[in-house]
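In: Provide a 3D model corresponding to the input given below.
(one chain, ligands or ions: 1)
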Amino acid sequence: MRLENKVAFVTGAGMGIGRAIALKLAQEGAKVVATDIAEETCRGVVGEIESAGGTGLALQCDVSNGAQIDNAIQKTVAEFGRLDILVNNAGITSFKPILELSEEEWDRTMNINLKGQFLCAQAAAKQMVKNEWGRIINIASISYGGCGIAFPQVAHYTASKGGVVALTQALAVELSSQGITCNVICPGIIDTEMTKSIREGDQLQQLLGRIPKGRTGRPEDIAHLVVYLASEQSDYMTGASLVVDGGWLTT
Ligand code: NAD
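Out: Residues are numbered from 1 along each chain as shown. From the prediction side, this is the model:
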């Protein structure tokens, strides 16, 4: 129970990596606010948390909407009295050749993947400074542009995740003196709805050949690292980018 008495706020918690993170944080004793644009999915996750004896709160929250974020953070503090851990997980992707990528799709991706992380971090940090303790954990991707690997048809996604890594470092520098750390996880390919078309497509065997672990990742592979970053034990880590990719980048 490494997170007893802590309150965690997870975005995009209704399914995939966010769901696994919410469940794992609750298993470690945190009270978990599971938020998602799709309210019924985070209600389901909170049902799972409560069935396992944990404490949770489900809130609808679109991370591209500042008013909804402020409202959700206020409800968190009203319910649990504090906020200690933010996991900026919500994200979207789509596949579009650069010559066909519309301004609208670019803006939608940036608003959810990058602006959303800024807005959530700002709103959460305003609560964390009151206790001079906080953990902000952002989710980027190995395809953020700094790992020497890039994929076609995702320029908007790649740019948004590059922004997330840069934002993480900026937050770490500004908030460290107030007891708040900020780190970013860069997953490889993880078994979720987001990667279903890749995992069920012809490229899977070729892809697995490039991953030394010989398998795609599970959402729990990310959730375990989130628990560590959320705990007291990670106190001397901030501004770090951590790759979880089964060894892909070493090949
Ligand atoms: P997913 O599509 O399975 O789940 C994403 C969740 O985010 C869904 O519950 C969805 O409803 C929610 N969401 C979407 N738009 C939202 C919004 N505007 N506000 C709030 N919630 C919203 O995706 P996933 O694979 O679990 O991805 C989670 C994070 O991990 C994303 O940031 C993604 O970019 C990142 N990531 C995933 C992989 C992978 O292989 N799956 C790899 C690298 C990075």
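In: alpha carbons only for contacts and neighbour counts from here, please
Out: Fine.
In: what segments of this protein are strands?
Out: Along the chain, the stretches classed as strands by DSSP state E are 7-10, 31-36, 56-60, 85-88, 134-139, 180-187, 241-244.
In: can I get the second one as PDB, trimmed to CA atoms?
Out: Included here for strand 31-36 are C-alpha records, laid out as PDB according to Å, rounded to 0.1, in the frame of the first residue of the first chain:
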ATOM      1  CA  LYS A  31      -8.300   7.300  -3.500                       C
ATOM      2  CA  VAL A  32      -8.700   7.500  -7.300                       C
ATOM      3  CA  VAL A  33     -10.700  10.100  -9.300                       C
ATOM      4  CA  ALA A  34     -11.200   8.300 -12.600                       C
ATOM      5  CA  THR A  35     -12.100  10.900 -15.300                       C
ATOM      6  CA  ASP A  36     -12.900  10.500 -19.000                       C
END
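In: the inter-axis angle of that strand versus strand 56-60?
Out: Counting by axes from the mean of the first three to the mean of the last three Cα atoms, to 10 degrees, strand 31-36 lies at 20 degrees to strand 56-60.
In: show me what the nearest residue to Glu39 once chain neighbours are set aside bridges to in the sheet.
Out: Excluding its sequence neighbours, the residue lying closest to Glu39 (Cα to Cα, 6 or more residues apart in numbering) is Gln60, at 4.7 Å. Gln60 has the following beta-bridge partners by DSSP bridges: Asp36.
In: quick check: Gln60 vs Gly53, distance?
Out: In this structure, Gln60 and Gly53 are 22 Å apart, going by Cα to Cα, to the nearest Å.
In: neighbour count winner among those two?
Out: Comparing Gln60 with Gly53 by other Cα atoms under 10 Å, the one with more neighbours is Gln60, at 22 against 12.
In: the more buried one contacts Arg43, correct?
Out: No - with contact taken as Cα atoms under 8 Å, Gln60 and Arg43 are classed as non-touching, separated by 9.1 Å.
In: Leu25: what's it in contact with?
Out: In this structure, Leu25 makes contact with 3, 8, 31-32, 223, 227, judged by Cα atoms under 8 Å, 6 or more residues apart in numbering.
In: if we use 7 Å, what do you get?
Out: Contacts for Leu25 were tallied using Cα atoms under 7 Å, 6 or more residues apart in numbering; they are Val227.
In: same check on Ala121?
Out: Neighbouring residues of Ala121 by Cα under 7 Å, 6+ apart: there are none.
In: distance of it from Ala67?
Out: Ala121 sits 14 Å away from Ala67, taking Cα to Cα as the criterion.
In: please apply the same query to Trp248.
Out: Applying Cα to Cα to Trp248 and Ala67 gives a distance of 39 Å.
In: please apply the same query to Cys182.
Out: Taken as Cα to Cα, the span from Cys182 to Ala67 is 23 Å.
In: who has more neighbours, the two?
Out: Neighbours of Cys182 and Ala67, each counted by other Cα under 10 Å, are more numerous for Cys182; the result is 29 against 12.
In: beta-bridge partners for the more buried one, please?
Out: Counting by DSSP bridges, Cys182 is bridged to Ile136.
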